[in-house]
Structure formats: C-alpha cells, structure tokens
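[1] sharing a model that was predicted from the sequence below.
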Amino acid sequence: MSVGEASGGGRTPHPVCAAAELPPGRRRIVTIEGKSIGVFNVGGRYFALRNRCPHRGAPLCEGQVVDLVTAPAPYAWENERFGEIIRCPWHSWEFDLTTGRSVCHPDSIRTKSYPAGVAAPTEHDRAEAYEAAERGGVVVVWV
C-alpha cells in the first residue's frame, strides 16, 4: 500500500515521518488539518492522540510516558503495560495511549484518539485520536 492510498475508514492519510525517525518509545507531535496530534511508537505499534487534555486543555502529548501501576494487595504494586500510559504535564491525569481512555475513569473521560483499532469518541470531553501505522517505511496518520 502506498502512502497516498486511502485506509482508516475513509479518512485521508497524512504522512508524518519515515518510520526510522520514530523508533519504539518515541513520539512526534505534528499539526494535521489544524489539529495538534501526538504520534507514538509503542513497541512497534503506532498510536495517535489529540494533543489536548480534556481536563484543562494542556498539551497532553508533551507529558511523560509511563507504565500502568497496579496494586494487587495493600503495600504492593506492580508495573504493567510498559510505556502505554501518558501523564498530563499540568495535573498528572493519565490516559491510555492505545485507547485514549482515562486510567481512573475509562468510561467517562477520554482523549480523542484516531483509529488505531479504537473507535473515535464523539463526546465533547474527549480528546481526538487517529489511526496511525507504518506504510512503506513511512509513519502515516489518517484524519
């Protein structure tokens, strides 16, 4: 498939960078159709989120990428889902990079994600997410 071919449910592909320029664990923030979007490589899988926290409008994709910390028992914790959580740089709200959902309130608070196997949310309090993938050595986002 060439970069110019349509994919992603009728959305238009937008080349972001060569895949070699976005290695695992890295991100790139781009502007597509007037929207600031963070594109992330998580273990060779690509995810794209709107660079806006639904809490107070912070540049979400500039936040720290962390692991999911769980507590299986009192005074015990475990790290899971390495590098799949983004923490808002203003108030530390955490969101799942793979879905755009809030870690604490996944059913009610989301960032907008663009289809990367995730249905794009439509409520006003969700940031936008887009489909992102590698095509012919180039990272592409469908908007």
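    Nice, I can see it.

[2] so His105: helix, strand or coil?
    coil (DSSP: H, G, I helix; E, B strand; the rest coil).

[3] distance-wise, check it relative to Trp93.
    9 Å (Cβ to Cβ, to the nearest Å). No exception for glycine: its C-beta is placed from N, CA and C like everyone else's.

[4] compare those two (neighbour count), which wins?
    Neighbour tally, His105 and Trp93, criterion other Cβ atoms under 10 Å: the higher count belongs to Trp93, 22 against 10.

[5] name the nearest residue to the more buried one, sequence neighbours excluded.
    Here the nearest residue to Trp93 in space, its sequence neighbours aside, is His55; by Cβ to Cβ, 6 or more residues apart in numbering that works out to 5.2 Å.

[6] quick check: that neighbour touching Cys88?
    Yes. Using Cβ atoms under 8 Å as the test, His55 is close enough to Cys88 to be in contact (6.6 Å).

[7] who has more neighbours out of those two?
    Neighbour count, other Cβ under 10 Å: between His55 and Cys88, Cys88 has more, with 22 against 18.

[8] quick one: residues contacting the more buried one.
    Contact analysis of Cys88 by Cβ atoms under 8 Å, 6 or more residues apart in numbering lists Cys53, His55, Ala58, Leu60, Gly63, Glu94, Phe95.

[9] also Ile85?
    So Ile85 contacts Val65, Val66, Asp67, Leu68, Glu94, Phe95, Asp96, Leu97, Val103 (Cβ under 8 Å, 6+ apart).

[10] list buried residues within these.
    Listed as buried from those are Val65, Val66, Glu94, Phe95, Asp96, Leu97, Val103; burial here means 16 or more other Cβ atoms under 10 Å.

[11] on that earlier part again, any idea which of the contacts of Cys88 is least confident?
    Here the lowest pLDDT out of the contacts of Cys88 sits on His55, with 87.
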